[in-house]
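Undergrad: No sequence on hand, only this structure:
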Ligand code: DGL
């Protein structure tokens, strides 16, 4: 028996393609159905109540499109809506926060762990709640970095301005002597070179898109792996398709892909 369903991945917009990329690295023929809520993005500025509602609509959309497991790629949604989705839906749900907590607790030597993310993620306090459960000696230091998402979407991945902003965001975390940093947002893996440079060699980086993809791979392997598939079997939906969307997606995925515009209510 092989896994015959689809891996449903959702995000507030195009950032979740960082997760799609990692899933495809580990499972090259993975059958993926993606939903990016580009009409209602960003999620990082929204309240937990709204994020729960949006996340449920997004997940239900994927289920209608044939998803048999759900991956919450969006950190803001994962931070605020995972328990809610698990209560509402009888499907396996994977998300970016828990595997990142586990990896950070494993990697850190001094127990000082830094988290960067959107305001919604940081305000949710999810890392401050989960990390001490895993490691009682750990201390969590957080910093919202709201300017980084637009910089990535503009393609300013290595510019002087981006380097300055990253340095400024990381400074208070470095002053706390963190030795591990979680990139708690879909967009930050694209800034990894600059973040690594500004964080310095001493700080280990946790990339949630990689961590959640390992869990998805384990699950699919336990289900017997996937049979044959092709890129043509993937379906990538977005709720709005402004002109520049394909270009931004290319930045995440390294290639142009066809996007279909459809909303959960269509
Ligand atoms: N996908 C969001 C996240 O990972 C970032 C973009 C947004 O704010 O919607 O939190």
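TA: That came through fine. Because the structure is predicted, anything quoted here is derived from the model rather than measured.
Undergrad: which regions of the stretch 101-250 of the chain sit below the pLDDT cut-off?
TA: Counting by pLDDT under 70, the ranges of the stretch 101-250 of the chain that qualify are 228-232.
Undergrad: Swap in 80 and give it another go.
TA: By pLDDT under 80, the weakly predicted segments of the stretch 101-250 of the chain are 227-233.
Undergrad: Walking through it, point out its strands one by one.
TA: Under the criterion DSSP state E, counting those that start in this stretch, the stretch 101-250 of the chain contains strands at 112-117, 139-144, 180-184, 204-206, 235-238.
Undergrad: So in that sheet, which strands flank the shortest one, and in what orientation?
TA: Taking DSSP bridges as the criterion, strand 204-206 sits next to strand 180-184 (parallel) in its sheet.
Undergrad: Tell me the residues of the stretch 1-150 of the chain that contact the ligand?
TA: Proximity of the stretch 1-150 of the chain to the ligand (C-beta under 6 Å from any ligand atom) is limited to residues 11-13, 15, 41-44, 74-76, 118, 121, 149. In short, each C-beta sits where N, CA and C put it, glycine included.
Undergrad: Please repeat the previous calculation with a cut-off of 8 Å.
TA: By C-beta under 8 Å from any ligand atom, the residues of the stretch 1-150 of the chain that approach the ligand are 11-13, 15-16, 41-45, 73-79, 96, 117-118, 120-121, 149.
Undergrad: hmm, back to that, I'd like the strands of the stretch 101-250 of the chain as a markdown table, with mean neighbour count appended.
TA: Formatted as a markdown table, the strands of the stretch 101-250 of the chain follow (neighbours: other C-beta atoms under 10 Å):
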| stretch | mean neighbour count |
| --- | --- |
| strand 112-117 | 27 |
| strand 139-144 | 19 |
| strand 180-184 | 27 |
| strand 204-206 | 20 |
| strand 235-238 | 22 |
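Undergrad: Nearest to residue 244 among the ones you listed would be which one?
TA: strand 235-238 (12.1 Å; C-beta to C-beta).
Undergrad: Tell me how far stretch 109-119 lies from the chain's centre.
TA: From the chain centre to the centre of stretch 109-119 is a distance of 16 Å (C-alpha atoms, centre = their mean, to the nearest Å).
Undergrad: give me every residue that touches residue 237.
TA: 33-36, 61, 65, 259-262 (C-beta atoms under 8 Å, 6 or more residues apart in numbering).
Undergrad: Among the residues you listed, name the ones in strands.
TA: Secondary structure from DSSP state E places 33-36, 260-261 of those in strands.
Undergrad: Can I have the buried ones of those residues as a PyMOL selection?
TA: Of the ones in strands among the contacts of residue 237, the buried ones can be selected in PyMOL as follows, counting by 16 or more other C-beta atoms under 10 Å:
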select buried, resi 33+34+35+36
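Undergrad: of all the ones in strands among the contacts of residue 237, which comes closest to the ligand?
TA: Nearest to the ligand, judged by C-beta to the nearest ligand atom, of those is residue 36 at 8.9 Å.
Undergrad: I'd assumed residue 242 was in contact with that closest one.
TA: No - counting by C-beta atoms under 8 Å, residue 36 sits too far from residue 242 to count as a contact (11.8 Å).
Undergrad: give me the number of residues near residue 158?
TA: 11 (other C-beta atoms under 10 Å).
Undergrad: All set now, cheers.
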